[in-house]
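Peer 1: Output the structure for:
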Amino acid sequence: MKLVYLGVVLAPLIGSIIAGVFGKVIGRSGAHWAATLGVAISFVLSLITFNHVVLGGAPVFDETIYTWMVSDGFSFEVGFLVDNLTAMMMLVVTFVSLMVHIYTIGYMHDDPGYQRFFSYISLFTFSMLMLVMANNFLQLFFGWEAVGLVSYLLIGFWYKKETAIFANMKAFLVNRVGDFGFLLGIAAVLMYFGSLNYAEVFADAPSVANLTMEIIPGVEWNVMTVTCILLFIGAMGKSAQVPLHVWLPDSMEGPTPISALIHAATMVTAGIFMVARMSPMYELSVTALSVVLVIGAITALFMGFLGIIQNDIKRVVAYSTLSQLGYMTVALGASAYAAGLFHLMTHAFFKALLFLAAGSVIIAMHHEQDIRKMGGLKKYMPITYWCMMIGSLALIGFPGFSGFFSKDAIIEGVHASQIPGASFAYVCLVLGVFVTAFYSFRMFFLVFHGKERMDKHTKEHLHESPKVVTIPLILLAIPSIFIGLFAIGPLLFGDFFAKEIFVLPEHDVLAKIGESYTGVLGFMLHGMMTLPFWMALGGVLSAWFLYLKRPDLPAQIKQRFQFIYNILDKNYGFDIFNNAFFAAGSRGLGRLLWRKGDEKGIDGFMVNGSARAIGWISVRVRNLQTGYLYHYAFAMIVGLMLLLSWYLPW
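Peer 2: Numbers count the residues shown, from 1 in each chain. Coordinates of the predicted model:
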């Protein structure tokens, strides 16, 4: 099976190299065939892996592929860990990526950077696979940084747009803040565990749990807590948790296919996956779990509020990603790791569906993205309409759809949790259900129902997207409906993650919920009698009333609550703070180092100063060159006398 696992990661890489290096030779069709075929092979091999590992019950594969470096007794290796968690992630990543590749053929058809785009998205898939298949922190960090690099290239894909360049630089810098904490966390692992291999670190975790360190002299800190929080800071950057969330909405500057790939199957899910994989460490620090829980709760609710005021169709979906990532993070903090991973999986399908459906609308609207200039698209785009409906129902957690099972499990798990901050998180999640339903169906009603608000030219050319666009939508809609029905039993209440996830008995909230689990139908009936269901229904009805029944009211509400609207419009001041202090401070420090360090220090003193000093000395030494032989003879005699006077006493 080692060759199969190598094939999973290398096939997209080879496709990326062919499309990128030989793109001009093989042409546009050759590039998309190479890239798409590479990801298709990876998907098929992932299916084989899932069948072998999960359905076949094969033992866990944990082997080193090669040793990269040995330094001071520490071994730095590249290796694969393939278990149920890995197999699930491989299948999700490759399937969503394959759908995005096929969709891209239609969406990017006329773009001059066609071959380059296919090279990038295949490289993105390779990077994410290296991350999820890693069996050690070194390879995890490689995949972590690789997805960050490729996201930078893809967000700024249209590099002639100033907004795109600003967005990719913002994403890159914000993630560097998170990655600094992540790297310190890995350094702490190496320092206190003496290894970067997962199995060795997890085995030694109980013995390290009570160790302390002194970051500030005289103040002792628990090693496990510090390490876990540092690692989570990395997750806050990658998975866009407050306050390191600011890059994700701006990532919409990239083409729609990459928005789907970033938000659904790669990059933003990396942080969720990492914390779940590190459960043997996080379970030993209640403080770290509480931090994760509270940060996730704040993100889930307050990022949802921002989705209400967005008018760009892609930004509405983007803020829903922020909110849903908050739900996953809360699940991790409540020790309901399986529920967080379950929501990661269901979210990957319906979020990719929503983004690609939004892209289909954008194509039909001649790249208009303002939902206020749409309306009544249902009769023009029936396939896109029903796919967007399915994605929206899954997103709000409507009973029977995939998002219902995973989201309700998270809310119930948090309700049962005793981790500090769980009560606050529960309130945030329940309120977030209403907010999610409201902004999701606000967008849905404004785009597909009501008065047609587009210009005459656009209206005359409206039609459904081509099959190369709609087929991936249909294929993503299927798991968006059904995957929750089949997966809830084994993933949440079965032993699917028994070997991969460690939960202390006193933290095992899913076990408490499982005691009353009577099957899928019972779970659905119970969910329809709980508060989250009625909150979701209230959100949908509120959106229908305000934007279809009484479309005059939103403007009045906005005018009455202008102060609150301004706060939301300014992203709670995060961008202002970052621009005024973080970005401006960095630029100021750079100017200071440039003027004082570079101009006056390096250039002024070392480079120009040394040149001036040599020139000054040369002018004076030049006067000694008289051209008279007796002057030189006299200098030689004086020099010989000085040499003898120093040498003879010794």
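
Peer 1: Which secondary structure element is home to T67?
Peer 2: Counting by DSSP states H and E, the element that carries T67 is strand 61-71.

Peer 1: With just CA atoms, put that strand into CSV.
Peer 2: The C-alpha coordinates for strand 61-71 follow below in CSV (Å, rounded to 0.1, in the frame of the first residue of the first chain):
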residue,chain,number,x,y,z
PHE,A,61,0.0,2.5,8.4
ASP,A,62,2.7,4.6,10.2
GLU,A,63,6.0,4.5,8.4
THR,A,64,8.9,6.8,7.4
ILE,A,65,9.3,7.4,3.7
TYR,A,66,12.7,8.9,4.0
THR,A,67,14.9,10.7,6.6
TRP,A,68,15.5,14.3,5.6
MET,A,69,18.1,15.2,8.2
VAL,A,70,19.6,14.0,11.5
SER,A,71,20.9,16.8,13.8
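
Peer 1: which is the next helix or strand following that strand?
Peer 2: Note on strand 61-71: by DSSP H and E, the next helix or strand toward the C-terminus is strand 74-82.

Peer 1: chain center to stretch 122-133: distance?
Peer 2: 13 Å (C-alpha atoms, centre = their mean, to the nearest Å).

Peer 1: make that stretch 620-639, sorry
Peer 2: The chain centroid and the centroid of stretch 620-639 are separated by 73 Å under C-alpha atoms, centre = their mean.

Peer 1: Residues contacting that stretch, please?
Peer 2: For stretch 620-639, there are no external contacting residues (C-beta atoms under 8 Å, 6 or more residues apart in numbering). To be clear about C-beta, it is placed using only N, CA and C from the backbone, and glycine gets the same treatment.

Peer 1: pLDDT on it, on average?
Peer 2: Mean pLDDT, stretch 620-639: 78.

Peer 1: got the buried residues for the strand holding T67?
Peer 2: 61, 65 (16 or more other C-beta atoms under 10 Å).

Peer 1: Any chance you could list what contacts that strand?
Peer 2: Residues from elsewhere that reach strand 61-71 (C-beta under 8 Å, 6+ apart): 1-2, 5-6, 53, 75-83, 135, 138, 198-199.

Peer 1: Could you identify the buried members of these?
Peer 2: Buried positions within the contacts of strand 61-71, assessed by neighbour count (16+ other C-beta under 10 Å), are 5, 53, 77-83, 135, 138, 198.

Peer 1: which one is M278 nearest to, not counting chain neighbours?
Peer 2: L231 (6.4 Å; C-beta to C-beta, 6 or more residues apart in numbering).

Peer 1: so who does the one you found touch?
Peer 2: With contact taken as C-beta under 8 Å, 6+ apart, L231 is in contact with 181-182, 185-186, 274-275, 278, 281.

Peer 1: Try it again at 7 Å.
Peer 2: 182, 185, 274, 278 (C-beta atoms under 7 Å, 6 or more residues apart in numbering).

Peer 1: Which members of these occur in strands, if any?
Peer 2: Using DSSP state E, no member of these sits in strands.

Peer 1: so how far is V8 from the nearest residue to I18 once chain neighbours are set aside?
Peer 2: In this structure, I18 finds its nearest non-sequential neighbour in A34, 4.0 Å apart by C-beta to C-beta, 6+ apart. Noted for A34: a distance of 17 Å to V8, by C-beta to C-beta, to the nearest Å.

Peer 1: Between the two, which is the more surrounded one?
Peer 2: V8 (27 against 23; other C-beta atoms under 10 Å).

Peer 1: mind saving the C-alpha coords of the helix or strand hosting the more buried one as PDB?
Peer 2: Using DSSP H and E, the element containing V8 is helix 2-21. Taking Å, rounded to 0.1, in the frame of the first residue of the first chain, the C-alpha atoms of helix 2-21 are listed here in PDB:
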ATOM      1  CA  LYS A   2       3.000   2.300   0.300                       C
ATOM      2  CA  LEU A   3       3.000   2.800  -3.500                       C
ATOM      3  CA  VAL A   4      -0.700   3.700  -3.300                       C
ATOM      4  CA  TYR A   5      -0.100   6.300  -0.700                       C
ATOM      5  CA  LEU A   6       2.800   7.800  -2.600                       C
ATOM      6  CA  GLY A   7       0.500   7.800  -5.700                       C
ATOM      7  CA  VAL A   8      -2.100   9.800  -3.800                       C
ATOM      8  CA  VAL A   9       0.200  12.700  -3.100                       C
ATOM      9  CA  LEU A  10       2.400  12.500  -6.200                       C
ATOM     10  CA  ALA A  11      -0.300  12.400  -8.800                       C
ATOM     11  CA  PRO A  12      -1.500  16.000  -8.200                       C
ATOM     12  CA  LEU A  13       2.100  17.200  -7.900                       C
ATOM     13  CA  ILE A  14       3.000  15.600 -11.300                       C
ATOM     14  CA  GLY A  15      -0.100  17.100 -12.900                       C
ATOM     15  CA  SER A  16       0.800  20.500 -11.400                       C
ATOM     16  CA  ILE A  17       4.300  20.400 -12.800                       C
ATOM     17  CA  ILE A  18       3.100  19.300 -16.300                       C
ATOM     18  CA  ALA A  19       0.500  22.100 -16.400                       C
ATOM     19  CA  GLY A  20       2.800  24.700 -15.000                       C
ATOM     20  CA  VAL A  21       6.200  23.900 -16.700                       C
END
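
Peer 1: for that helix, packing partners?
Peer 2: Packing contacts for helix 2-21, counted by 3 or more C-beta pairs under 7 Å, 6 or more residues apart in numbering; DSSP states H and E, involve helix 23-50, helix 114-132.

Peer 1: Contacts only, for E214.
Peer 2: E220.

Peer 1: Using just helix, strand and coil, how would you label it?
Peer 2: strand (DSSP: H, G, I helix; E, B strand; the rest coil).

Peer 1: Tell me the confidence at it?
Peer 2: The model's pLDDT for E214 equals 82.

Peer 1: partners of it in the sheet?
Peer 2: Counting by DSSP bridges, E214 forms beta bridges with E220.

Peer 1: isn't G7 right up against V44?
Peer 2: No. The criterion here is C-beta atoms under 7 Å, and G7 misses it with V44 at 9.2 Å.

Peer 1: Can you name the residues that contact the nearest residue to P206 once chain neighbours are set aside?
Peer 2: The shortest distance from P206 to any non-neighbouring residue, by C-beta to C-beta, 6+ apart, is to L284 (6.9 Å). For L284, the contacting residues are 205-206, 209, 224, by C-beta under 7 Å, 6+ apart.

Peer 1: Give me the distance between the residue nearest to I18 and R620.
Peer 2: Distance, A34 to R620, by C-beta to C-beta: 69 Å.

Peer 1: what's the answer for H366, then?
Peer 2: Per C-beta to C-beta, H366 is found 76 Å from R620.

Peer 1: so after the helix or strand harbouring the residue nearest to M278, what's the next helix or strand?
Peer 2: Secondary structure assigned from DSSP H and E places L231 in helix 223-238. Later in the chain than helix 223-238, the nearest helix or strand by DSSP H and E is helix 247-250.
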